[in-house]
Structures are given as structure tokens and as C-alpha cells.
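K.L.:
need a 3D model of the following:
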Amino acid sequence: MLPLKEATVTEDDDVEFSCELSKAEAVVKWLKDGVEIAASEHVSFETAGTKRTLKIRKTTVDDAASYQCQIVASGQSCQAPLTVNGLYVYSLECGKMLL
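P.N.:
Just a heads-up that it's a prediction; the model follows:
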């Protein structure tokens, strides 16, 4: 299993994590901070041969976490962090929004 690569994106960007497995028939699950992720309009999974991909659409700061691809049969896994930078920065001193 080849490791995931850490990613840094800006809020509202799309991001992908991919891992390469030794066997195409291996079943994996994806975890966010140790909790299994379910597919949704925001998150999807793809399988292409030995490659497994997690796609997150329109990231939010709540998506920032450690993501993990785990082989169900063996428990072997790899993980990487996702950093999501907010679109806006607020100055606490003057209460003004900076773009």
C-alpha cells in the first residue's frame, strides 16, 4: 500500500486522496479522524484497478482532519492530514474582515 499525500486547500476547493493497493480486489474503508466516512453529495469514493480515491467536494474548514484508507481484511492502512484554509480572515483587534 502506497501512502496518502497530505493536502492543503482553500475552503470551497475540491480535494482528492488516493492510495495504491497491491491487489485490485481489496476492499477498503475511508476514515476521518478514526471514524468511518459514508458516501454523500459532499464525499465520494472511486475504485480503478488497484487505486482507491476519496473525493471531497467544496471543502469547508470542518473537513480539516486526518484521513485514512484502511484495507478491511488486514487492517493495514495509510493516512494523511488535510488542512483547509478559510476564505476569509477576521482581525480580532478591529473586528474587520480582511480579504
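K.L.:
is residue 77 in a bridge, and if so with what?
P.N.:
residue 70 (DSSP bridges).
K.L.:
number of nearby residues for it?
P.N.:
Neighbour count of residue 77, defined by other C-beta atoms under 10 Å: 17. All C-beta atoms are positioned from the backbone trio N, CA, C, and that covers glycine.
K.L.:
do the same with residue 49
P.N.:
8.
K.L.:
who's in contact with it?
P.N.:
For residue 49, the contacting residues are residue 24, by C-beta atoms under 8 Å, 6 or more residues apart in numbering.
K.L.:
how about residue 25, secondary structure?
P.N.:
Using DSSP: H, G, I helix; E, B strand; the rest coil, the structure places residue 25 in coil.
K.L.:
check contacts around it.
P.N.:
By C-beta under 8 Å, 6+ apart, the contact list for residue 25 is empty.
K.L.:
phi and psi next, for it.
P.N.:
Phi and psi for residue 25, reported as degrees, to the nearest 10, are phi -90, psi 0.
K.L.:
please report how far residue 35 lies from residue 66.
P.N.:
11 Å (C-beta to C-beta, to the nearest Å).
K.L.:
ok, now which ones touch the closest residue to residue 33 other than its chain neighbours?
P.N.:
Once flanking residues are discounted, residue 33 sits nearest to residue 65: 4.7 Å by C-beta to C-beta, 6 or more residues apart in numbering. Neighbouring residues of residue 65 by C-beta under 8 Å, 6+ apart: 32-33, 81-82.
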